[in-house]
Each structure stands twice: as structure tokens, then as C-alpha cells.
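Q: the sequence and its predicted three-dimensional model are supplied below.
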Amino acid sequence: MASKVTSAVMRQGLRVLGVAIRTEKAVFTLAVLASAVYGGMTVASAWALGWATQNVVLPAFAEDRVASGALWTGMFLILGTALLKAFGVAGRRILAGVMQYRMQARSRRDVTKQYLRLPLAWHHRHPTGQLLSNASSDAEAAWAPLAPLPMAVGVIVMLFTAAVAMLFTDLMLALVGFLIFPAIAVLNLVYQRRLSPLATRAQQLRAEVSEIAHESFDGALVVKTLGREDLETERFMRRAHELRDANIAVGRVRGLFDPMLEALPTLGVLAVLAVGGLRLSTGSIDSGDLIQVAYLFTLLAFPIRALGWVLAELPRSVVGWERVQAVLEATGSMDYGSVNTKAATTSPEPAALEVRGVSYRYGEAEVLHDVTFDVPAGRTVALVGPTGSGKSTLVQLLVRLVDPDAGQVLLDGVDLRELAYGAVAESVALVPQQTFLFDDTVRGNIALGLDTADEDVWAALRLAQADGFVARLSGGLDTRVGERGATLSGGQRQRLALARAVVRRPRLLVLDDATSSVDPQVEARILHGLRDTAEASTVVVVAYRMATIALADEVVYLDHGRVVDRGPHEDLLARCQGYRNLVTAYEREQAERAAIELTAGEEEEVSA
Amino acid sequence: MTAQSIQRSSDRSALATIRHGLSLTPEFRKGLVVTLILAVVATAGKIIVPIAVQQTIDTGLKGGTPDIPYITRAVLVCAAAVVLTALAGYVMNVRLYKATESSLATLRVHGFRHVHDLSVLTQNTERRGALVSRVTGDVDQISTFMQWGGLMIIVAFGQLFVATVLMFVYSWQLTLLVWACFIPLMIALPRFQRLLSRAYTVVRERTGDMLAAISESVVGATVIRAYASERRTAERIDKAVNANRSAQVKAQTIVGFVFPLTEIVAAVAIAGIVLLGVRLGLSGDITQGQLVAFLFLVTLFVAPLQTATEVLNEAQNAVAGWRRILGVLDTPPDVADPGEEGVELPRGPISVAFEDVHFAYPGGAPVLREVSLEIPPRSRIAVVGETGSGKTTFAKLLTRLMDPGSGRVTVDGCDLRDIRFSSLRERIVMVPQDGFLFDGTLEENIRYGKPSATREEIELALTELGLADWLEGLPAGLDTPVGQRGESLSAGERQLVALARAYLADPDLLLLDEATSAVDPATEVRLARALEGVTRGRTAISIAHRLSTAENADEVLVFDQGRLVQRGPHAELVGVPGVYADLHASWVSAARS
Ligand SMILES: Nc1ncnc2c1ncn2[C@@H]1O[C@H](COP(=O)(O)OP(=O)(O)OP(=O)(O)O)[C@@H](O)[C@H]1O
Ligand SMILES: Nc1ncnc2c1ncn2[C@@H]1O[C@H](COP(=O)(O)OP(=O)(O)OP(=O)(O)O)[C@@H](O)[C@H]1O
Ligand SMILES: [Mg+2]
Ligand SMILES: [Mg+2]
């Protein structure tokens, strides 16, 4: 069964090579040509040596004189073949490199394009580490056999020429060759079959080791604060040791076959000498022929292993290619319509939003059920609901990060799915609950590729109450913020994210708990600023705090993925118990405490 | 305070790097001599063919008629030698793989551990991806070299050596000739290699840029989508990928030109041997068998020199790999565990003091100034202040994620720097601002706080925190997968898990840095109460912008621009004009209708 699996691997591997060959036809053809020159010249150089032996060396010893004509012809042949061979080698190597790196680059570009194209739901299902290695090491592995491939093709040419040359020299010696070279080929095949599953496993473990390291370093703060370094090291060590054992298993097979592959041609030369002696004694060949064939075997010993290298890389290649392919073939892209919004016009008007019967599920669990509400242009709606009620999910639907399973989200009466690419982003800006900053400058993080004038950036920073601290940063707008914004405080990060949204003057601004990490004073200032300048915007805001809610014209109260009630804050406060419980929690808490203290105080008085 | 950054690479010379690297991997050195001897034996197999050829021509074919029995004997002896050397090759390979893989696994694990031992600030000086490759890809480069290139170097030297010895036995004149041909090449090779190494340095840099660009498209997927910056990101990635490709092709071109030089030199040598050899033959200095054997011996020079640039190249990569992993190991943890010499504090009520603490982030303005305070045992402290006023910094100093620039932080009168990490981390636990969860189930994540905890204990902990209802609402309960970084949970839920995890660890001092900022008010109030009940007797410090925590605290610490400007119970502070009163006023107007 194992051999079946690996012959499938081999077929698959050859198919992968086929893909590369078809894509890079011209380069491949040139590389193979160069390699054929190399192969032919290798055989020719053995023949030149045999010729020189026969016509220069042997006569010199036999007749004690040197025929200078033959001598110079011999020199010319030896040097000429070597030069051509060198030319072939250089061409082969460079072109093989060009082909390999082009294919790698192509895979990487395609894979990342796909990342950018696939819906976020797809991203959620795949670990970051895996996606990163798809684009880096898997793309590398997939095309690794391309490096020795032209050489392998050249070797086939070489073998063929050698066979012909030997047939012309002597049938018996050729027979030795025909025994030895197929033997090498078979040994190579067996080698590849034994190696394949082991190499695949090692590659898999390498990825896993990398994933563990990634996650562990990502969570370094948690590891540290809980003092779990030992536990993490143990987790990493277990996998690292598995990788070690897998690599040693690979080494065992390599160690077994490599010396055998080296010994076979040597044994071939010895056989040539034995058989050649016999043939010499019958006078069927001369010494020059013998030397030529023996030399040929010596020259072939090394390059013939290129076939083995290609085969050895195939399993890794197939694994890499399949992983890359899995990304490329992933479906569920977001389709875009062709409708453009009014955003491009000079005086942007606020957008109207309508959510109609929207449902959404993560895998099996439906987290939004038939959600319906609307936000008239220029109005502000607050989304309120307990932890885990589905607010962030809903918000993602509003800006079309994901599409609903049922129902529609309409912007100015147009289904988001019918809008052209980029149209949603042009009109709508989201400040997500979880701030993400790129390892870039402050300006880069706010503009995100938009051609924004510095004044606009500063205006946005002012609105987000971030101008003060940015001005104090050593490099101002050009300060780099570190990976995920590591050099900033939580509130500072959040305000940059806010500035990133407002700098776009969106017609619909969606804030998902976007002021949770800022202090109440700053929050109040941000909210005032927004109210003053946001006349051009419709706003959807997820919030718990009264001040934010009070800003809203209407409240939508969400619980367990359903709209429980909606209406002005005062009305909801009066009629919706869940809502009241939620938003008045602090007050009630305070009141209760006051009451407890009061009774405690009274009790003290009483007991006193 | 100057911050330590991870050394890009240790600044030793190549040789010193390797020596230092090897000194860290005893597994590799053990039995190395035997492996080397086996390698030499395996290499010796290479000169069997020239000897056999020479013997056949000079003895077997002497006098016109071939001496078949002699040739057969010679061939059989040689064949036996070939088998023997192949056997040596096998044993050598297996030993080599075992030694390198074991030693590199050790190095990997050391490197990994050391990264965790570095301070947070040091860790942040490098991208996560780069840190990961220091313990993965960089180490792989070393192993590739040790298993191929390193071996090639040994084989090459062995091959050149035995070939030269045999050549000398046959003819010293021709030996000199051969060496005269190859020496210029040998001198030139290091030059080529330097050229190549520069090219590969560029490749590595471009690869780094490329990986950074690629990772942006993955980790920043949401933002990219939300702002429709796919095209711009794709352009950036394409540029980086193509730059990487060009650098690779350039390096490969250098290899492509250097590699075949050996062929040409070998051909010159062969031509020279024929040219000079026949003349030596005429004067009787050499037999024809020896002359032909020379032609075979020259081929032994080709492979080592041909692969030399590549081997040097790999050596270079391996040295770079060594440097990068040693760069980690050589970076001393600036917030170090005193280990055995440290103090082990008994558990129980805990008191904390800051004595005139100053702190500045590397290259930045002071963030904390003249902070002095005491936190008595069993107290309930709230820390408030504007954003960026230094609250998180204060928390990091208290948990010794960083050391103060000047002044000291003490626990039970003992300087934090003298307390063993095992003891410190057991007594003080912080829940950071963004609760990171590991990809696993809820149960696994909570258990991280106390690895020995049973499922019942975990359920009990959640119940004590008043989260039993929430847990019941989850379809898979404790077995709910949280996703990477916990992203399959809502932000609030993530914080609940992070809190439960810290609670289960049962520290003497629990420090919450906005640990419930995303949790809804009703749950937060419930949680605060539950915590208050169950952590009686312990110290709790919470940093929060929601001042409900402050209202109920024993004492409030108010930070403003890095200074501790006010402290006292809420009732007292709220009455006097100042930072706290202002904050509270805006909180009240924000939180209440
Ligand atoms: N990627 C995901 N995969 C599976 N389930 C998810 C995912 N993201 C969220 N959920 C689940 O969906 C529900 C709603 O999550 P959502 O993030 O929308 O809540 P939320 O209202 O924003 O909560 P919070 O106030 O805590 O931010 C939660 O129960 C959560 O566990
Ligand atoms: N790793 C860092 N490197 C450089 N500067 C930093 C780093 N972390 C924080 N800072 C700076 O130190 C100051 C204090 O930050 P800190 O995180 O302590 O504030 P905070 O009071 O916790 O604010 P927030 O309420 O927003 O979380 C800020 O100005 C911030 O920019
Ligand atoms: Mg949310
Ligand atoms: Mg903070």
C-alpha cells in the first residue's frame, strides 16, 4: 500500500513539474538546451580523453615519440569540450534558478492575492501560522525540484549519448553499462519511495514547530504574567523532538542509499576493467576504448544522481504544492456588483442604512436571527446588548466584511453585494472593537494608502483627541508604532484607529465600542467633536455608556442575536427590562452600596 | 534606561561563531572523532578507481597480452574495498544525522526558552515572525549545512589529500603541475564567495521584507478589508516578492558563472598532464598506467572545488543561522530571574511599595516620575488616570515585566529584583489590557492559570466568578474552541476567559489592567462583586476607565502625566478639586442618564 501511495506522489510530483514547464516554457526550453549541451559535452569529454589516450599517450609509450599533430588535436578536443561543457553548466544553473524563483514568486503573489480576495470567514477558519507558511515555505517547497530538473533532463541526454557511444565502442562494455545504469535508476526509485513518507512527515512537523513558536511568542505576555515559561518550553520541546526523530529517520534512509548510489558506478568501472581485460585479450577493443568507457563511468557517477535529487524533492514539493493549491482553489470569494455610490461627488451626503431580516452563523451556531432595523440618513443609532449578543458580528455585516446568510444590508437602498469593489469602503468606515495597527508610521496607519494631506491627518487626529500625544512623539507623524502598535498605550492605539476612520469622511461611520480604552474625559471630547462635525455622517455606534447612548436618536437593543426592542432611549428605559438592567447597572450598584453602607452605619449606631 | 534589543546577530567572527555554537551543543561533539574517521574511510573509496586503472594498465596489460587472473584479482580486491567504504559511509551518515539533529534540537529549545526569558521590551524590538525564524528556519539552515556542506568540506579535504598523496607516489612533477593549475582557482574562490555572500545578504534582507509584507495581508486582513486597501497591499506585496526574486536570481547567476570554472581548470590540468606526461614518459619517469591514473585523479579535484562555492555559501548561511540563534542566546535577559539565589517569599497577605520610581521607555521621554506609594495587605486599589498617563507602565513595573530606571519596587519589603520568578509569578498575576488566548478550548485556556486544575475546579472557579450562566449559554460549554488568539469569542467573552484564567491561578495580588473594558455593565458589576467576595484577604488592584471600580475601592491612585497626583478613598477625593474630581464628573455624566 505504501508503494501505491508514493507512486501516486510521484505522478502528482511529475504533474507539478508539468505545470511549471508549461508556465515557463521558454526558460525551461533554454535551460534544457543548455543542459543537453552539458550532457553531450560530458560524454564528449570522455571520448576526447579516450582519443588522446589512444592517439597520444599510448603511441608515445609504445613508439617513444610524440606526434605533435595528434598532440595538439588532443589538446584542442579536451579544452574545447570543457569550454562548451562549462557554458552548458552555467546556462543550466542560471536558467534553472530563473525558472525556480519565478515560479516561487508567482505562487507567492497568487497566494497573497487570494488572501486579500477571500472572505474574512475563510481567514477565521485558518491559523495565521499556516497562512504565512503557505506563502513562504510551501511556495518554496513546491518549486524546489525545479533547481535540479534541467540537470536531470541533461543527464538523460547524457545517458542516452553515453549508451550510443558505448554501443559504438564495444557491445560487451555497453552491456556492463546497460546493467549498471538501470540498476542506479531502480535504486533511485526505491530510495525515493522509502524517503517520501518520511520527508513528508518531517516537513509537516517543521510547520507545526513553527506554529507553536509563533503562538507562544504571540502570547508572550500571558506566558510571562503567569510564569508559564517551563510549560511552553515543554510544549515546544515535545514537537521539536518529534521533528528531530523524523529528521533522523530521513537521515537513516539517506545514509543507506547515498553510499550505495556512489558505490554502484565505481563497481561499474571495476566491471569495465574486468570485462575490458577480456575484450582486450581477444583484440575486440583497444586500450583507448577501455579508458574512454571507464572514464565515462567516472564522469557519470555524479550527475546521474541529479535524477535522485529531483525525485527526493518530489514528496516535499507535492505537499507544498497541494497546500498552495488549497489556498488557490478556495472558493467563496466576495463578488462585487457594479453599482457605484454617490460618495465620489464633492459634497458627500450621509448615507441611509437598512438591515432587513439578516441572519448569520459561525459554522453551526447561528448568532444573528432575523435582525431588522434602519438608520435614516444623518441619524445616529446606538447598538446595545450584553456581552456576546452579536453586536460585533452585526457590525461586520454593515461594512460588508462578511455577507449575511439570509436577509440584506442596504446602503441608500442598494444591497451591499451589488456595490462595486471599493464602493463600500468609500462610503463606510468601521472602527473595530479590536484595534489593529500596522508596523508602520502614524501617518501610514491613518492614511492606509490614501493620498491624504497632512492637514487632513491632523484634523482627524484632533477629532480623535490624538493630536496631543502624536505631536509629543519623537517623530511626529513619522513615528513608527511597532508591531500591532506595541509602543503605544491602549487608549492611544484606539484613538489612532478612530482617526483612521474619520479621515475618510465616511458617509456612514460605524463605531464598535471604539472608546472602551479611553478615559471618560477624552471620550466626552471625542463624542462632542463627532457630533459637531458628523453632520455629514450617519453613525452606528456600539456602546454601553450613557453619554454615547444619549447621543443617539434611537437605540437598538440586541440580545442573543435578536432585536429585542428599538426606539428612543427614554422609551426603552421605560419598557424594556433587559435594556434597563444593562444600562443602569452602575447606578443601581451605587445605590445598593449606598443602601448597604447606610444600613451598616445604622447598625453601628444601634450597636453603639 | 537603555533597552536591550535582540542582537541582530552575534558579532563574532565566523570561526568564533561556529566554535561558540558547537560549545553549546555537546551532543554534536560526542563521538565526532569516530564519525570523522569513518568519513575519511568513506572518502578513501574515491581513489580505488584510479589505482585499479593504473594496476590494470601497468601490470595487467603489460607485455601486450592481458594478465586476466591478475586483473580479476585486482578488481575483486577493489570491489571489496568499495563495499567496505560504502558501509563506512552508511554508519558515518547515520551518526552524523543523529548528532546534528539532536544537537540542533537542543539549540532550538534553548533558543525558544531564551526568547521567553527576555524582557517584554526586548521581545518587542523584533517582529514575532523574525523571532520565530530564529528558532526554526535559521536552525534548519545550520542542519542543512552540517549534513551536507560540512560533510562536503571534510570529504573535499580528504579527497584532495589522498589524491595528492597518490599522485606524489606516481609522479611529483605532474603533481606540481596539477596543483599549479588549481591553486589560482583556490585563491580566487574566497573572492567569489565574498561576492556571493554579499548577494545572499541582499537575498536574506529581501526575504525578510517579503515575509513582513505577506504577514500584513494575513494579520491585518480585517483592516485591509474594511478600508478596501487590497490593491495597495497587493502592490506592496508584489513589489517585495519581485525584489526577492531578483535578488535570488542575481545570486544564482554568480553561482552559475563560478561553478563551471573548475571544469575549465580541470581540462587545462588534463591537457597539461598529457602534454607533460608524454614527455616524462619518454624519459622513463612515469609509466603509462600512472599517467592514465592521473587523468582519473584530476577528476577528484573537480567535485570538491566545484561545490566549494556552494559549500562556502551554505557555510555562510549556516554561520548566519548560528549568528541569529546565538544572537538570541547572547542577549542577556535584562529583567532576569535571580533563580536559586533569589528569595522565595511565603504566600499570604502581600504588601507592595514603590520607592521614588522613575521610568522611561527606551529613547522616549520619562513616563513615570517620582512614584512612591505603599499598598497595604488586603487592600482594594483602583488606579485611574487619563490615557497615556502611565497606568499600564505602573502595572508592568509592579509585575516586574520591566525594571524601574531608578528607585525600587518592593514586595513585603523585598526588592522585586531579588525575588525568584517562580515565587513572584505565583503571588502576583496581572490580566493584561488585551486578553490573549491560545488556540484551544475554553477549558484549556482557563487551565493555563493552574495546570493541575481539574475540570471541576475550573467549573467551580467560573461559578465563583458568577459566570456559570454565561458558560451554560455556550453551545459546547467548556469545550468551546476559542480560535486563534481567542478570535472565535466576542471581545467581552475573551476578557471573561482571561480573567477566569488569572483567577484560577489564585495569586495573592491580582492586578487587572482594564480587564473588563469590553464586558457589558451588568456583567461587569456582577463580576466585580463576585471578585470582591472571593478575593477577600488578598490584594486587588484594578486599572479602569469605568470609575465604578474606583467608587468601591479602599483607595484610589490617580496618575497624571506619569506622576501619582492624588491618592485616597473615593469619597475623599471626589470632594476636592483635582484630576480625580474632573475624571469622575465626566464619568458620571457619561455613565448615567
Ligand atoms: N469567529 C467566530 N467563530 C465562532 N463563533 C464566534 C466567532 N466570533 C464570535 N462568535 C460568537 O458569536 C457570538 C457573538 O459574538 P460578537 O462578537 O458578535 O458579540 P458582541 O456582541 O460583539 O460581544 P462583545 O460585547 O463581547 O463585544 C458570541 O457568542 C461569540 O462566541
Ligand atoms: N513599549 C513602549 N515603548 C515606548 N513608549 C511606550 C511603550 N508603551 C507605552 N509607551 C508610552 O508610555 C506612555 C504611557 O503608556 P501607558 O501604556 O502606561 O499608558 P496608560 O496610562 O496605560 O494608558 P491607557 O489608558 O491608554 O492604557 C504613553 O505615552 C505611551 O505612548
Ligand atoms: Mg463585540
Ligand atoms: Mg493602559
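A: Received the coordinates, thanks. Residues are numbered from 1 along each chain as shown, chains lettered A, B, ... in the order given. Ligands and ions are numbered 1, 2, ... in the order given.
Q: for the stretch 251-400 of chain B, what spans make up the helices?
A: Assigned helices in the stretch 251-400 of chain B, in chain order: B:261-282, B:288-330, B:391-398 (criterion: DSSP state H, counting those that start in this stretch).
Q: distance between the longest one and the chain's centre?
A: Right, the one you point to is helix B:288-330. With C-alpha atoms, centre = their mean, to the nearest Å as the basis, helix B:288-330 stands 27 Å off its chain's centre.
Q: give me the angle between that helix and helix B:261-282.
A: With axes from the mean of the first three to the mean of the last three C-alpha atoms, to 10 degrees defining the directions, helix B:288-330 sits at 150 degrees from helix B:261-282.
Q: and the helix or strand harbouring A:T200 with chain B, contact?
A: Using DSSP states H and E, A:T200 maps to helix A:171-218. Yes - judged by C-beta under 8 Å from any C-beta of the partner chain, helix A:171-218 comes into contact with chain B through A:206, A:209-210, A:213-218. Quick note: C-beta positions are derived from backbone N, CA and C, even for glycine.
Q: from the chain's centroid, how far away is that helix?
A: Chain-centre distance of helix A:171-218: 25 Å, with C-alpha atoms, centre = their mean.
Q: any idea of the mean pLDDT for it?
A: Summarised as a single mean, pLDDT over helix A:171-218 is 84.
Q: after it, which helix or strand is next?
A: With DSSP H and E, the next secondary element past helix A:171-218 is helix A:220-225.
Q: is chain B within reach of that next one?
A: Yes - against chain B, helix A:220-225 shows contacts by C-beta under 8 Å from any C-beta at A:220-225.
Q: what about the strands in chain B?
A: B:352-360, B:366-375, B:380-385, B:406-411, B:414-415, B:428-431, B:509-513, B:539-543, B:555-560, B:563-568 (DSSP state E).
Q: so which of these gets nearest A:R11?
A: strand B:428-431 (54.2 Å; C-beta to C-beta).
Q: pull the residues that contact the closest one.
A: By C-beta atoms under 8 Å, 6 or more residues apart in numbering or on different chains, the residues outside strand B:428-431 that reach it are A:225-226, B:350, B:395-396, B:398-399, B:401, B:411, B:449, B:498-499, B:501-502, B:505, B:507-513, B:515.
Q: listing partners with orientation, what would you give for that strand?
A: When pairs are called by DSSP bridges, strand B:428-431 turns out to pair with strand B:509-513 (parallel).
Q: so what touches the partner strand?
A: In contact with strand B:509-513 (C-beta under 8 Å, 6+ apart) are residues B:350, B:352, B:391-392, B:395, B:398-399, B:427-433, B:499, B:502-503, B:531, B:535, B:538-544.
Q: just stretch A:281-294 next, same as before
A: The contact list for stretch A:281-294, computed with C-beta under 8 Å, 6+ apart, reads A:46-47, A:49-51, A:53-55, A:58, A:165-166, A:169-170, A:172-173, A:177, A:269, A:272-273, A:276, A:279-280, B:49, B:53, B:57, B:61, B:65-66, B:68, B:292, B:295-296.
Q: pick out the residue closest to the middle of chain A.
A: Central residue of chain A (C-alpha atoms, centre = their mean): A:A135, 2.7 Å from the mean position.
Q: so that one: helix, strand or coil?
A: Under the three-state scheme (DSSP: H, G, I helix; E, B strand; the rest coil), A:A135 adopts helix.
Q: what's it in contact with, if anything?
A: Counting by C-beta under 8 Å, 6+ apart, A:A135 touches A:107-108, A:111-112, A:115, B:214, B:218.
Q: make it 6 Å
A: By C-beta atoms under 6 Å, 6 or more residues apart in numbering or on different chains, A:A135 lies in contact with A:108, A:111-112, B:214.
Q: among the strands of chain B, which is nearest A:W321?
A: Here strand B:428-431 is closest among these (C-beta to C-beta), at 44.0 Å.
Q: quick check: buried residues in that closest one?
A: Within strand B:428-431, the residues scored as buried using 16 or more other C-beta atoms under 10 Å in any protein chain shown are B:428-431.
Q: remind me which residues of the chain are low pLDDT?
A: Since no chain was named, I'll use chain A. A:1-6, A:332-334, A:341-347, A:534-536, A:600-608 (pLDDT under 70).
Q: I was thinking of chain B, sorry if that wasn't clear
A: Applying pLDDT under 70 to chain B picks out residues B:1-4, B:6-11, B:62-64, B:590-593.
Q: just checking, what's the longest helix in it?
A: Longest helix of chain B, by residue count under DSSP state H: helix B:68-117.
Q: name the element the residue of chain A found nearest ligand 3 belongs to?
A: Residue of chain A nearest ligand 3, by C-beta to the ion: A:S392 (3.0 Å). Assigned by DSSP H and E, A:S392 belongs to helix A:391-398.
Q: hmm, that helix in reach of ligand 1?
A: Yes - legend: contact between helix A:391-398 and ligand 1 by C-beta under 6 Å from any ligand atom is shown at A:391-393.
Q: so what does the residue nearest to A:R102 when sequence neighbours are not counted have for phi and psi?
A: Closest residue to A:R102 apart from its sequence neighbours, by C-beta to C-beta, 6 or more residues apart in numbering or on different chains: A:E24 at 6.1 Å. Per-residue torsions, A:E24: phi -110, psi 50 (degrees, to the nearest 10).
Q: can I take it that A:R65 is in a helix?
A: No - according to three-state DSSP, A:R65 belongs to no helix; its state is coil.
Q: pull the contacting residues for it.
A: So A:R65 contacts nothing (C-beta under 6 Å, 6+ apart).
Q: go again using 8 Å as the cut-off
A: A:59, B:282.
Q: what do you get for A:V66?
A: A:56, A:59-60, B:278-279, B:282.
Q: so which bits of chain B are right by ligand 4?
A: By C-beta under 5 Å from the ion, the residues of chain B that approach ligand 4 are B:T392.
Q: let's see 6 Å
A: B:391-392, B:433, B:513 (C-beta under 6 Å from the ion).
Q: same list, those, but as TSV with neighbour count and distance to A:V318 please.
A: As requested, the residues of chain B next to ligand 4 are exported to TSV (neighbours: other C-beta atoms under 10 Å in any protein chain shown; distance: C-beta to C-beta, whole Å):
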residue	neighbour count	distance to A:V318
B:K391	27	53
B:T392	22	49
B:Q433	21	45
B:D513	24	48
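Q: ok, the residues you listed vs B:L151, which is closest?
A: Distances from B:L151 to the residues of chain B next to ligand 4, taken by C-beta to C-beta, are shortest for B:Q433, at 51.0 Å.
Q: mind checking the SS state of A:T387?
A: What three-state DSSP gives for A:T387 is coil.
Q: helix or strand: which one has A:R238?
A: With DSSP H and E as criterion, A:R238 is part of helix A:229-282.
Q: for A:L264, give me its contacts.
A: Applying C-beta under 8 Å, 6+ apart, the residues near A:L264 are A:180, A:183-184, A:187.
Q: buried subset of the residues you listed?
A: Buried among the contacts of A:L264 by 16+ other C-beta under 10 Å: A:180, A:184.
Q: which among the contacts of A:L264 gets closest to ligand 1?
A: Nearest to ligand 1 out of the contacts of A:L264 is A:L187 (C-beta to the nearest ligand atom; 51.5 Å).
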